[in-house]
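# Predicted coordinates and the sequence they were generated for:
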Amino acid sequence: MNSCFEVIKSTLIALEKINITDLNISISLPDFLQKFLENIDLKNKEQLKDAIINKRISDIKILAQDYKELISEIVLKNNDFDDLDKKIRSKFNNPDINKILDNGKELMIFLQENFKKIQFNFDLFGDNKFSYHNNIAFDIFAGNFRYPIAKGGCYSIDFDDKKIDAVGSTIYINFLRKI
């Protein structure tokens, strides 16, 4: 986890050094959606997963039954991690979900302590753009530019019949030139 924090820190510092300001980092917890769905009792989980990923609130309200309010709030209210964390933990007492939320909280504290000027939000469910990531993934935006100028996160690679944990980020120079 510390290596992911270091990559985020290095990426943000690099952007600050080239005078990219008004940064916003959108954090996803890629493992959360799968663990969340594993812990709810519904028959239409694949349809619900698709509705969540594509943020189709009207479909979520139909498919999610007793979970519709919580899921809608997770999808829509992504700027108050503490509040979402409390609501999710009150509904689920699952060690896997708690571990994922603990990782998110650690990252939130890290960002608050080290990057006071940078805004951040949590897209807990994320979307499929981070399909190969695990633990933490992120997009970094600048000002009102609509595309991420950097992205990265944790992932695993297969090497000699083993899984090796890795972390990295990419800064999109072509987008920086447009800012």
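On my side now, so go ahead. Model, not experiment: these values are computed from the prediction.
# Can you tell me the element the closest residue to D59 other than its chain neighbours falls in?
Of all residues beyond its chain neighbours, the one nearest D59 is A51 (3.8 Å), with distances taken as CB to CB, 6 or more residues apart in numbering. Just so you know, the C-beta spots here come from the backbone N, C-alpha and C atoms, and that holds for glycine as well. Take DSSP states H and E as the rule and A51 turns out to sit in helix 45-53.
# one step back: contact partners for the residue nearest to D59?
Contact partners of A51, counting by CB atoms under 8 Å, 6 or more residues apart in numbering, are 59-60, 63.
# Can you tell me what sits against stretch 34-50?
Looking at what lies outside stretch 34-50 - CB under 8 Å, 6+ apart - the contacts are 33, 59-60, 63-65, 67, 71, 92, 94, 96-97, 100, 125.
# Also stretch 7-23?
By CB under 8 Å, 6+ apart, stretch 7-23 touches 25, 107, 110-111, 114-115, 117-119, 138, 140-143, 149-150, 152, 167-169, 171, 176, 179.
# try 10 Å
Taking contacts as CB atoms under 10 Å, 6 or more residues apart in numbering, the residues outside stretch 7-23 that touch it are 25, 27, 107, 110-111, 114-115, 117-120, 136, 138, 140-145, 149-154, 166-171, 176, 179.
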